[in-house]
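**Q** Got a predicted structure here, sequence first:
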Amino acid sequence: MYRKITRTGPATLTISLPAKWVKKHNLKPSEYVELKEAENKLIITSKPGEKSENITIQYNEVLIENMLEKLFLEAESTITIESRTRIPKTIINTINQFPGFEITELWEKKVIINRVMSPSLNKPSALLRRIYQVLIDALKQNPANFSSDVSENIFLLQLVQERPKEIFLLREFYETILKIKTPAHDDAYALVRVLFNKIYMQKYNFSTQDSKKISEIFSKTDDLFKGYYQKTKSHLQISQLYYCVQLLNQLHKEIIYSQSIDALSDITDKKEKKYRIGVCLKNQANVFWDQEIKGSIIEVSKNYPEIEIILDSPLIDMDAKTQDKILQRFIEQKVDGIIFAPGYPKIISKTIDKINKENIPLVILDTDLETNQEYIYIGFDNYQGGYLTGEYLKKKLKPKSKILTLKGYTTGNSVRRVDGFEDAIGKGHKIDMIQAHFQESEAYEKTLKYLQKNEVDAIFATSDNMAMGVIKAVEELNKKVLIAGFDWTEEGKEALKQGKIISDISSKPRELGELGVQTIHDILKGKTIAERIEYKVELIKAEKTRK
C-alpha cells in the first residue's frame, strides 16, 4: 500500500492512515498509535485504549509562549486556549514556533491545538548530529544552500537545555552563514567549510593529532584573513566569515572540554597498516579537489585495507610553499608512497629530488612536472576538452558572435583548455578573456562587472567552480547567455540538469583519484606501470541529461 507524504511544518512530514484500518481498530482523533522501527521498515500498531487529555488554558499575552513551551515538553494532549476578549492574530506565529503543533480550530476568542507528532526530545544527540550533517551538506556550496531547515532542531535542543553553549554557537554560526547571499571569497569560505568538517569529525571520532592540526589552523587565521581582506572588495562577507571562524574556534574548545574521560579512553586503537601513503592535493578550497578528488581517494582506499591514507593539502590554491612543507613532512614520516597534485612544479623541484633519493614511489596527478625526475603521471587531455567545447558552442552560435572565456591561470593545464577551445572556434568570433583563478567568487565579481558594460552571446568557464560564479552573475542581471563548463563536478551536473549551462566536460575527476590510489598500490606490489597514464574526456550536452 502506498500513501502520499505531505508537509505540515518546516521539517515535518506526515502521512494519512488507511480509512479501513482506522475503522477496524475503532481509532478516534487524539488517540495514539505506536510506531516502531525495524531495519528499513516502520511498523504501526493500534493502541485504541490510550487517549490524550484535553487541557484548557486562559490566554495571557505575557505568559502564552511560556505556557505553550511547558505543554509542548510535558503534555500529550489537545490544548484549548480561551479568552474573554479577542485573541490577537499573532497567536498563529507563536504556535507555529512549536514543531508538531497544529491549529485545528481558530475562533475570535478560542483556539484549539492538536499535536501532529510527538516532540523528538527523547534523543537530543540525534538532533544535534542532524544539525551538524545539514550544515556540512549546505557548506559544500558557496553560498551555502540549505535543503533542510536546521532552525527547528536548534529550537528543540534549546528547549531541553542540553549542551546550551554548543547549541548557541551552532545557531550563531548558522544564522551568520545564512546572511551570505552571493559567492564569498573562495579561500575564506573554504577555510570555514574545512574547519567545520574537521570539528565535526573531531566531535564524533576524537583524535589528538587532528586536534593539534585544527589548533594550528586557528593560529594562522588572523594572518590568512588579513590577506583575504586585501584581495577582495567584499569586506562585509570577509567579516562575516571571520566571525564564523571565531565561533568555530569556540565550538572546537567546547567540544574538547565536554569530551568525557570515558569517551576519550574509549577511542579504538587503529590497526597498524602495511603501507602509509601521503596525499597532497592542490587545495581544500575548490570542490574539484576537496570533494571530487579527495572523496574518490578516500572511497577507493577502502578497497585496500593494508593502505593508510594521510591527507594533507594547502587551504588555498597555488600555495607551493605549503605543498613543499607537506612533502617534507611526508619524507620525515617515511611514508611508503606519495600522491601529489602540484601547483607550481618548478618551485618544489628540489623536494622531488629528495623523494627520488629516498626511493619513495611518486604519483603525480593532473599537472605534469615535465622533468626527468622519477614519477608516474596521471591526467586527462585538457586540450581535447577545450576543443570539444569549442566545436559544440560553434554550432550554437551565429557568425561573429561574442564570447567571454574565463581561464584559471596563465600557466598549467587550464591554458591547454583555452588553446583547444580557440582552435575549435576559429577566427569567426570575437573572444574576450578574464582570469578568475578557478575562484567562484572572483568569477562572479568579474563576470558581473563585465556584463554590466558588455553584451555577450556565450561564456566558456574552464572550470565548474568558475561556472557557478558565472551563473550567479548572469542570473542577477537577468541575461540570456549560453554557458559551458568544464570538470563535471556534482555542481556542474546539477547546473546542466537545470539548463543553466549547455555543456560540460567530464574530466572524470573521481577516476583521477581512483587511478592514483590504484597505481600507487600496484607500484608497492611490484607491478610494472606505464610512466604516463592519460585518458580522454567526454563532452556532456544538456540534451543528454534531459532524456
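**A** All right, it came through fine.

**Q** quick one: what helix or strand has residue 43 in it?
**A** Assigned by DSSP states H and E, residue 43 belongs to strand 41-51.

**Q** After that strand, which helix or strand is next?
**A** Sequence order places strand 54-58 as the next helix or strand after strand 41-51, per DSSP H and E.

**Q** The next helix or strand after that next one versus strand 54-58: what angle between them?
**A** The helix or strand immediately downstream of strand 54-58 is helix 64-74, counting by DSSP H and E. In terms of direction (axes from the mean of the first three to the mean of the last three Cα atoms, to 10 degrees), helix 64-74 departs from strand 54-58 by 160 degrees.

**Q** So for helix 64-74, what gets flagged as buried?
**A** By 16 or more other Cβ atoms under 10 Å, the buried positions in helix 64-74 come out as 64, 67-68, 71-72. For every residue, glycine as well, the C-beta is placed using N, CA and C.

**Q** Kindly report the same for stretch 210-222.
**A** By neighbour count on 16+ other Cβ under 10 Å, the buried set for stretch 210-222 is 211, 214, 217-218, 221.

**Q** Looking at those residues, which are in helices?
**A** Judged by DSSP state H, these include 211, 214, 217-218, 221 as members of helices.

**Q** Please name whichever of those scores lowest on pLDDT.
**A** The lowest pLDDT within these belongs to residue 211, which sits at 85.

**Q** do you know how far that one is from residue 257?
**A** Noted for residue 211: a distance of 12 Å to residue 257, by Cβ to Cβ, to the nearest Å.

**Q** now do residue 339
**A** Relative to residue 257, and taking Cβ to Cβ, residue 339 is found at 36 Å.

**Q** mind checking the backbone torsions on residue 488?
**A** phi 70, psi 50 (degrees, to the nearest 10).

**Q** residue furthest from the geometric center of this protein?
**A** Outermost residue of the chain with respect to the C-alpha centroid, by Cα atoms, centre = their mean, is residue 84; its distance is 52.1 Å.

**Q** Retrieve the pLDDT associated with that one.
**A** Reported pLDDT for residue 84: 89.

**Q** One more: residue 34?
**A** We have a pLDDT of 71 for residue 34.

**Q** Would you verify that it is located in a helix?
**A** No: going by DSSP: H, G, I helix; E, B strand; the rest coil, the assignment for residue 34 is strand, not a helix.

**Q** Chain neighbours aside, what residue packs nearest to it?
**A** Spatially, and ignoring its direct neighbours in sequence, residue 34 is nearest to residue 45 (4.4 Å; Cβ to Cβ, 6 or more residues apart in numbering).

**Q** circling back: between the ones in helices among the buried residues of stretch 210-222, which is nearest residue 237?
**A** Nearest to residue 237 among those is residue 221, at 15.5 Å by Cβ to Cβ.

**Q** Quick check: which element contains the residue nearest to that closest one when sequence neighbours are not counted?
**A** Closest residue in space to residue 221, ignoring its immediate chain neighbours: residue 245 at 5.2 Å, by Cβ to Cβ, 6+ apart. Assigned by DSSP H and E, residue 245 falls within helix 235-258.

**Q** Spit out the contact partners of residue 309.
**A** By Cβ atoms under 8 Å, 6 or more residues apart in numbering, the contact set of residue 309 is 277, 279, 297-298, 301, 517.

**Q** so it, which of the three states?
**A** On the three-state scheme (three-state DSSP), residue 309 is labelled strand.

**Q** Give the bridge partners for it, please.
**A** Residue 309 forms beta bridges with residue 277, as assigned by DSSP bridges.

**Q** pLDDT at it, what is it?
**A** 94.

**Q** I'd like the distance from it to residue 240, if you could.
**A** The gap separating residue 309 from residue 240 is 34 Å, by Cβ to Cβ.

**Q** same thing with residue 377?
**A** Going from residue 377 to residue 240 by Cβ to Cβ gives 41 Å.

**Q** which regions of the stretch 101-250 of the chain lie under the pLDDT threshold?
**A** 116-123 (pLDDT under 70).

**Q** Mind doing that once more with 50?
**A** Across the stretch 101-250 of the chain, the ranges flagged by pLDDT under 50 are 121-122.

**Q** In three-state terms, label the residue minimising distance to the centre of the chain for me.
**A** Closest to where the C-alpha atoms of the chain average out (Cα atoms, centre = their mean) is residue 140, at 1.7 Å. Recorded secondary structure, residue 140: coil (three-state DSSP).

**Q** List the contacts of it.
**A** 193, 287, 291.

**Q** does the first one sit in a helix or strand, and which one?
**A** Element membership for residue 193, per DSSP H and E: helix 186-204.

**Q** quick revisit: residue 339 and residue 257: which has the busier surroundings?
**A** Per other Cβ atoms under 10 Å, whichever of residue 339 and residue 257 has more neighbours is residue 339, with 26 against 9.

**Q** isn't the more buried one right next to residue 280, touching?
**A** Yes: using Cβ atoms under 8 Å, residue 339 is in contact with residue 280, at 7.5 Å.

**Q** what does the helix holding residue 245 rub up against?
**A** By Cβ under 8 Å, 6+ apart, helix 235-258 touches 163, 165-166, 169-170, 172-173, 176-177, 179-180, 182, 184-185, 188-189, 191-192, 195-196, 199, 202-203, 211, 214-215, 218, 221, 225, 228-229, 232.

**Q** who does residue 81 bridge with?
**A** Beta-bridge pairing for residue 81 (DSSP bridges): residue 57, residue 111.

**Q** could you pull out the helices for the stretch 401-547 of the chain?
**A** 413-425, 440-453, 464-476, 490-497, 509-524, 542-546 (DSSP state H, counting those that start in this stretch).

**Q** Export these as JSON lines, with columns for mean neighbour count.
**A** As requested, those are arranged in JSON lines below (neighbours: other Cβ atoms under 10 Å):
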{"stretch": "helix 413-425", "mean neighbour count": "20"}
{"stretch": "helix 440-453", "mean neighbour count": "21"}
{"stretch": "helix 464-476", "mean neighbour count": "25"}
{"stretch": "helix 490-497", "mean neighbour count": "20"}
{"stretch": "helix 509-524", "mean neighbour count": "21"}
{"stretch": "helix 542-546", "mean neighbour count": "12"}
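
**Q** How many residues are close by residue 354?
**A** When neighbours are defined as other Cβ under 10 Å, residue 354 has 13 of them.

**Q** same check, this time on residue 130
**A** Residue 130 has 18 neighbours, counted by other Cβ under 10 Å.

**Q** go on, residue 88?
**A** 13.

**Q** Can you read off the backbone torsions of it?
**A** Phi and psi for residue 88, reported as degrees, to the nearest 10, are phi -60, psi 150.

**Q** What separation do you get for it and residue 452?
**A** To residue 452, residue 88 is 47 Å away according to Cβ to Cβ.

**Q** Residue 416 reaches residue 383, doesn't it?
**A** Yes: here residue 416 reaches residue 383: they are 4.5 Å apart, a contact under Cβ under 8 Å.

**Q** ok, the nearest residue to residue 457 once chain neighbours are set aside - contacts?
**A** Spatial nearest neighbour of residue 457, chain neighbours left out: residue 401 (4.1 Å); criterion: Cβ to Cβ, 6+ apart. Residue 401 is in contact with 429-430, 457-458, counting by Cβ under 8 Å, 6+ apart.
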